[in-house]
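Asker: This is the structure alone, sequence omitted:
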């Protein structure tokens, strides 16, 4: 099935909005085994929209069009569709009724510009939009099935999931010789993309049904595995085999699969261990605390975070001795360890983490230039640990990788602890 | 000048990557008065790329092509360009030398796949890429000037700014009857988009040379003003007039213009006032501290942040009396005020901010349902203040708006204080 997307709107060609609707739809179609052939973005120009509609319909089986269905003067996608099909626009009584119902629910009646939304190309089929006023419109042009959707992401997605994708799936099910696919996203941290590639590349010849893909989502790198086969069971089996092998070579650096997020995974590990956590941050400035507390329910595990951006607060909140600061400076192994131990004691938690370093652009010393970060971990019944890392890049990147490395020290500790005999 | 963009790569049509290169380029071109006519995305399919190149060149004066210039087997954009132009690929000695130099700098010599990057369409002009191996390639196709850029955003932007945009600007300067434009982005906080629209709409008839645009960048809303005129001085004058009027009606809700970011603006106000700041966060969990410390140099103003995710730490770090917690609960006006006062005292700062609330999805009470947040401000020489807000939306949104509202209490206080006689 050949699918093309057409997105209309001045905001899409003037840099005001990035077209994320297409990304969303492409991913959903790819899960069905369809690779979108072409995406076209045009501004609010009647001739351009009409021409793009004709071109797409001449090439594709399905064209998903978004934008330009609303009530305002620059909404004229359906007008262009009517011109392309050589039919007039006609007021559709069903849409008219939906509009009146929708406005009545708010105690209003639709104004004349809202009523424009009831005008659809003759012969087209409108479907109710559960999230907004402008209907989804289905229409044939040449041999192609066209779907017209509003560009508002919430409405776009609701209509895709509720109406468009089920129709595409039904059409696929009756296609002979279709390809079945299965997917897995393996999420890793601490593995550079080039290393991930080198580690996985030798497997490819043994898994001819699998396509390997990589996605960098700093500080993480993700491995995307997709198997293709003439039946779903064969696709599933091919995926299971490659996934097992990948997990074997990547080991504990895989922290999750598919939609599993790092912070949620770590918090769940702590919860299952009956453990609690506190964090003392200097150069990451609250980033770690923020990442952890973004997860619903984190308060059962995360007790407190001290953003100690001054020497005074390093001593006051997490008990770093002033002579440690005087002798070793705030950016040092000794201070990191005192911070991790100190925040663990202050909060009475099972674990304590700490970060201190030079995020830049200013600061740093010849021995510890910008990008140097000391990450500390304090655990019960064993000496505290500190790791020194050097991160290349700007302030944001240093903070991001420092936060990730620190959390990863704890995750690796929990993995090692749970695998002890 | 008619400009089209063509972006190639399977990752762009399978939902793996959102095309942000185009958004960036569109905005930069729009600043020059150029509205991109069409953006086309195609996968790594030779026939599709070749066809799309021919079509774009037949319509446009300038086509910016990105992606498919690298060393791997799926990089064949220049091959397609050669086919479209009916010329062979030829190894370019300049590119060859750049590649050898680049690899030599790392003590390597280029492998055969890297050397593929030296093969460009006969007659095309390669330009050195300061950020990567693949060169920028300039070439004519029909009446159109084509620019081929790598898709890696860092390289794409560097080559755009360094080579492509200066050439576009030079070509515009010699065009007769061109339109001159001037821009201003006014950044507001605390103004819903619909209110911004209603406030500004009545001005439009008085400023016929100005286009008003809106951009939501939660929790901020931005007003984009663009003037068009037959000369730069007229465009500048029209912009200055409308900007003044907008600033008058929007007043202190405008916190910055163009590239000015909220946190940096607030920190600069504090710096100029010789003031320091500390923050005690509960439901925002470090988000405020993180936003402030993301700004280089923030350590001269921001002293400390306490992420007090438990009652115990609210008392231990910022001195909230246990009887306040017992009588009023952790989410209350009294606790917010004690937190703001307490963190200010603990850190010895000029100002203290605090946030406590229910970010959801769990928690809340009948009186204070999920989305309720108490924001506190402690100042020298006046009683502390607390504002209660109700934020609709998910956990991320509640946290985002709670952080913004709290910071904005301080900014408004500083503005009021500095305007006193």
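Answerer: Done, it's in. Since this is a predicted model, take the numbers as computed values, not measurements.

Asker: what residues does the stretch 201-350 of chain A put near chain B?
Answerer: By the rule Cβ under 8 Å from any Cβ of the partner chain, the part of the stretch 201-350 of chain A lying against chain B is A:213, A:215, A:224, A:279, A:281, A:283-290, A:292-294, A:296-299, A:302-310, A:312-313, A:316-317, A:346-348. (C-beta placed from N, C-alpha, C; glycine too.)

Asker: and what of the stretch 1-150 of chain A?
Answerer: With Cβ under 8 Å from any Cβ as the criterion, the stretch 1-150 of chain A comes near chain B at residues A:10, A:12-20, A:22-30, A:35-43, A:45, A:48, A:52.

Asker: before we move on, back to that, by neighbour count, sort out the buried ones in the residues of the stretch 201-350 of chain A next to chain B.
Answerer: Among those, the ones that count as buried by 16 or more other Cβ atoms under 10 Å in any protein chain shown are A:224, A:279, A:281, A:283-290, A:292-294, A:298-299, A:302-310, A:312-313, A:316-317, A:346-347.

Asker: Please narrow these to those residing in strands.
Answerer: Using DSSP state E, the subset of these located in strands is A:224, A:279, A:281, A:302, A:303, A:304, A:305, A:306, A:307, A:308.

Asker: could you redo those residues as CSV and give each row pLDDT and distance to residue A:273?
Answerer: Shown next, in CSV, are these (pLDDT from 0 to 100; distance: Cβ to Cβ, whole Å):
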residue, pLDDT, distance to residue A:273
A:224, 85, 30
A:279, 98, 17
A:281, 98, 22
A:302, 98, 14
A:303, 97, 15
A:304, 97, 19
A:305, 98, 20
A:306, 98, 23
A:307, 98, 26
A:308, 97, 27
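
Asker: Which of these sits closest to residue A:187?
Answerer: For those, the closest approach to residue A:187 (Cβ to Cβ) belongs to residue A:224, at 10.2 Å.

Asker: can you pull the contacts of the closest one?
Answerer: Residue A:224 makes contact with A:183, A:184, A:185, A:212, A:213, A:214, A:215, B:16 under the criterion Cβ atoms under 8 Å, 6 or more residues apart in numbering or on different chains.

Asker: Figure out the helix or strand that the second one lives in.
Answerer: Just to be clear, that refers to residue A:184. Residue A:184 belongs to strand A:180-189 when assigned by DSSP states H and E.

Asker: Give the next helix or strand downstream of that strand.
Answerer: Downstream of strand A:180-189, the first helix or strand assigned by DSSP H and E is helix A:193-200.

Asker: For that next one, the averaged confidence score.
Answerer: Taken as a whole, helix A:193-200 has an average pLDDT of 82.

Asker: how about it: buried residues?
Answerer: The neighbour-count check on helix A:193-200 (16+ other Cβ under 10 Å) flags A:196, A:199, A:200 as buried.

Asker: Which residue is the nearest non-sequential neighbour of the last one?
Answerer: This means residue A:200. residue A:212 (5.8 Å; Cβ to Cβ, 6 or more residues apart in numbering or on different chains).

Asker: outside of stretch A:315-324, which residues touch it?
Answerer: A:280, A:306, A:308, A:311, A:314, A:325, A:332, A:334-335, A:338-339, A:342-343, A:345-346, A:354, B:304, B:306, B:317, B:346-347.

Asker: hang on, the earlier thing: how many residues are close by the residue nearest to residue A:200?
Answerer: Using other Cβ atoms under 10 Å in any protein chain shown, residue A:212 has 17 neighbouring residues.

Asker: ditto for the one 10 residues further on
Answerer: If you count neighbours by other Cβ under 10 Å, residue A:222 ends up with 21.

Asker: Tell me how far it lies from residue A:256.
Answerer: Per Cβ to Cβ, to the nearest Å, residue A:222 is found 10 Å from residue A:256.

Asker: repeat for residue A:24
Answerer: In this view, residue A:24 and residue A:256 are 21 Å apart by Cβ to Cβ.

Asker: Same check on residue A:76?
Answerer: Counting by Cβ to Cβ, the gap between residue A:76 and residue A:256 amounts to 46 Å.

Asker: cool, residue A:250 as well?
Answerer: Distance from residue A:250 to residue A:256, counting by Cβ to Cβ: 12 Å.

Asker: same thing with residue A:96?
Answerer: Separation of residue A:96 from residue A:256 (Cβ to Cβ): 49 Å.

Asker: try residue A:139
Answerer: 42 Å.

Asker: who has more neighbours, those two?
Answerer: Ranked by neighbour count (other Cβ under 10 Å), residue A:139 and residue A:256 place residue A:139 first, with 26 against 19.

Asker: In which helix or strand does residue A:355 reside?
Answerer: Going by DSSP H and E, residue A:355 is part of strand A:351-357.

Asker: Give me the angle between that strand and strand A:302-308.
Answerer: Here the directions of strand A:351-357 and strand A:302-308 differ by 20 degrees (axes from the mean of the first three to the mean of the last three Cα atoms, to 10 degrees).

Asker: for strand A:351-357, packing partners?
Answerer: Applying 3 or more Cβ pairs under 8 Å, 6 or more residues apart in numbering or on different chains; DSSP states H and E, one finds that strand A:351-357 makes contact with strand A:277-281, helix A:333-347, strand A:372-378, helix A:395-418.

Asker: Where does whatever residue of the stretch 101-250 of chain A ends up closest to chain B sit: helix, strand or coil?
Answerer: Nearest to chain B in the stretch 101-250 of chain A, going by Cβ to the nearest Cβ, is residue A:215, at a distance of 5.9 Å. Here residue A:215 is recorded as strand under DSSP: H, G, I helix; E, B strand; the rest coil.
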